[in-house]
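In: Give me a 3D structure for the following:
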Amino acid sequence: MKSNNKLFIAIIIGLVLGVIFGGLVHYYLPESIPTFSKNIKLLGTIFIRLIQMIIAPLVFSTLVVGIAKMGDLKMVGRVGGKAMAWFISASMMSLLIGMVLVNILGPGRDTKITLGDTSAANDLLQKTQEFSLADFVNHVVPKSIFEAMATNEILQIVIFSIMFGIALSSLEAISKPIIKTLDTVSHVVLKMVGYIMWVAPLGVFGAIAASVADHGFEIFTLYAKYLIDFSIGILVLWAVLLLVGYMILGNRLWVLLKRIQSPLLIAFSTTSSEAVFPKLTEELERFGCDSKIVSFTLPLGYSFNLDGSMMYMTFASLFIAQVYGIDMPLEKQLLMLIVLMLTSKGVAGVPRASLIVVVATCAMFGIPPEGIALILPIDHFCDMARSMTNVLGNALATSAVSKWENKLE
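Out: Here you go, the predicted structure:
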């Protein structure tokens, strides 16, 4: 928690310094703007490349382990089936809410801010729009997992990981050492995420300094619109989740919310839904959920049911596309939604892990991944809201499964 607070302070310092340096260059040294922006952006580029570096091992290790552990579903039968039905439905609903609202509100549309040459991105998007069955097969089915990892072909990595995880779970006792090893690898990579996030203040400084130098303080108008529209999205998602929760739990929903108010506040302040896992487990059992269902459903939910993060992924990806002026037709957005549905599974609820998935997805759909630098300075505030939403979603899922199994005291 102290580490998260220090990182937050460091990011704020980077943000303030970026505004100061960028403002000085924009208003007092206009002849230096091109050189300054080009060089200072390298700090953001370093951060983005570090993020891209860990995409393949993170997706592979976490997804394989998550699927391999789903072998337990055979033992718990209908409990696992009901849990996964909730997770898939909630994830799809969250993704759809993000997609619909970003299209209706258009936080990145009609902005005077331009983010460089997008010809390469538009060329790539044009190629993806020339859809054929052969192109789809070539793009989805990997011919080499090493080639897919080397080029960060995220969907190919997901396909291989799913097949590998299913095969691994079928081997039962023989597979345990491999699962344990990959579980260790996933924790190591997630630890690397924590280290890389300490480069974020430099990335924020470089991104905001370049943006302010290029566009002046007008950039904050875009940030304000983005945060307001994202907040509307979170409120809509909460309303839907609470409505579904009330339909299942009735008036006991308010008791549940009172029970989990402490985990919600901790997740909001630390930007980590994982930080409240022990406390959330305790409060759900006190609420009346069966301990066996809690011990099974809640850990699975932390890999498969991150509602706030899911909504953010479609919202952020399409926002970047809007700012770059890249047209995303409905069929392309729906394909992106499916890709996000797959790639996000297994990514643990650690601070800013959603950025990794957004970067990978943007690159896949011809949206310049460098665009993530635009929202990096304000991502912490979005992360606070989506982390708290993740906790609510998993609490509701666990309580609903307990109610469906008639084991809610």
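
In: give me the number of residues near P30?
Out: Using other Cβ atoms under 10 Å, P30 has 10 other residues around it. (Each C-beta comes from the backbone N, C-alpha and C, glycine too.)

In: C-terminal to the helix or strand hosting W254, what's the next element?
Out: Using DSSP states H and E, the secondary-structure element containing W254 is helix 252-259. In the C-terminal direction, the helix or strand that comes right after helix 252-259 (DSSP H and E) is helix 261-270.

In: Quick check: nearest residue in space to A148, chain neighbours excluded?
Out: The shortest distance from A148 to any residue that is not its chain neighbour, by Cβ to Cβ, 6 or more residues apart in numbering, is 3.8 Å, and that residue is Q156.

In: Specify the angle between the helix holding W254 and helix 261-270 in degrees.
Out: With axes from the mean of the first three to the mean of the last three Cα atoms, to 10 degrees as the basis, helix 252-259 and helix 261-270 are set at 50 degrees to each other.

In: Helix 252-259 - contacts with which helices or strands?
Out: Where contact means 3 or more Cβ pairs under 8 Å, 6 or more residues apart in numbering; DSSP states H and E, helix 252-259 is packed against helix 219-249, helix 277-287, helix 379-404.

In: give me that answer again for 6 Å
Out: In terms of contact count using 3 or more Cβ pairs under 6 Å, 6 or more residues apart in numbering; DSSP states H and E, helix 252-259 is assigned the packing partners helix 277-287.

In: Could you identify the helix or strand that succeeds the helix it packs on?
Out: Counting by DSSP H and E, the element after helix 277-287 in chain order, helix or strand, is helix 291-304.

In: got the buried residues for the helix holding W254?
Out: Buried residues in helix 252-259, counting neighbours by 16 or more other Cβ atoms under 10 Å, are found at 252-253, 256, 259.

In: now swap in stretch 374-385 and tell me
Out: Along stretch 374-385, these residues count as buried under the neighbour rule (16+ other Cβ under 10 Å): 374-380, 382-385.

In: Likewise for stretch 396-409?
Out: If you call a residue buried by 16+ other Cβ under 10 Å, then stretch 396-409 has these buried ones: 396-405, 408.

In: again, but for stretch 187-204
Out: Within stretch 187-204, the residues that qualify as buried by neighbour count (16+ other Cβ under 10 Å) are 189-190, 193, 196-197, 199-204.

In: do stretch 94-104 as well
Out: Burial within stretch 94-104, assessed by neighbour count using 16+ other Cβ under 10 Å, is assigned to 94-95, 97-99, 101-103.

In: who's in contact with it?
Out: Outside stretch 94-104, the residues that touch it by Cβ atoms under 6 Å, 6 or more residues apart in numbering are 233, 236-237, 307, 310-311, 314-315, 318-319, 333, 337, 340.

In: any idea how far it is from the chain center?
Out: Its chain's C-alpha centre lies 15 Å from the corresponding centre of stretch 94-104 when counted by Cα atoms, centre = their mean, to the nearest Å.

In: any idea of the mean pLDDT for that stretch?
Out: What stretch 94-104 shows for mean pLDDT is 93.

In: Return the closest of the buried residues of stretch 396-409 with respect to I46.
Out: Proximity of those to I46, judged by Cβ to Cβ, is greatest for A397, which lies at 38.0 Å.

In: Now that closest one: closest residue in space that isn't a chain neighbour?
Out: Using Cβ to Cβ, 6+ apart and skipping the chain neighbours, the partner closest in space to A397 is W86 (4.8 Å).

In: low pLDDT regions in the chain?
Out: Under the criterion of pLDDT under 70, the regions of the chain flagged as low confidence span 1-5, 8, 66-67, 69-77, 112-139, 154-155, 269-275, 303, 343-353.

In: Centroid-nearest residue for it?
Out: Taking Cα atoms, centre = their mean as the criterion, S354 is the residue nearest the geometric centre of the chain, at 2.3 Å.

In: these two touch, right, that residue and S309?
Out: Yes. Taking contact to mean Cβ atoms under 6 Å, the distance of 4.5 Å between S354 and S309 places them in contact.

In: Just the CA trace of the one helix or strand K191 maps to, in CSV.
Out: Counting by DSSP H and E, the element that carries K191 is helix 176-196. In CSV, the C-alpha atoms belonging to helix 176-196 read as follows (Å, rounded to 0.1, in the frame of the first residue of the first chain):
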residue,chain,number,x,y,z
LYS,A,176,1.1,-30.2,-11.4
PRO,A,177,4.9,-29.4,-11.6
ILE,A,178,4.4,-27.6,-14.9
ILE,A,179,1.3,-25.7,-13.6
LYS,A,180,3.3,-24.7,-10.5
THR,A,181,6.3,-23.6,-12.6
LEU,A,182,4.0,-21.5,-14.9
ASP,A,183,2.3,-20.1,-11.8
THR,A,184,5.7,-19.0,-10.5
VAL,A,185,6.5,-17.5,-13.9
SER,A,186,3.2,-15.5,-13.9
HIS,A,187,4.0,-14.1,-10.5
VAL,A,188,7.5,-13.2,-11.6
VAL,A,189,6.2,-11.4,-14.6
LEU,A,190,3.6,-9.6,-12.5
LYS,A,191,6.5,-8.6,-10.2
MET,A,192,8.2,-7.2,-13.3
VAL,A,193,5.0,-5.2,-14.0
GLY,A,194,5.5,-3.6,-10.6
TYR,A,195,9.0,-2.7,-11.4
ILE,A,196,8.1,-1.4,-14.8
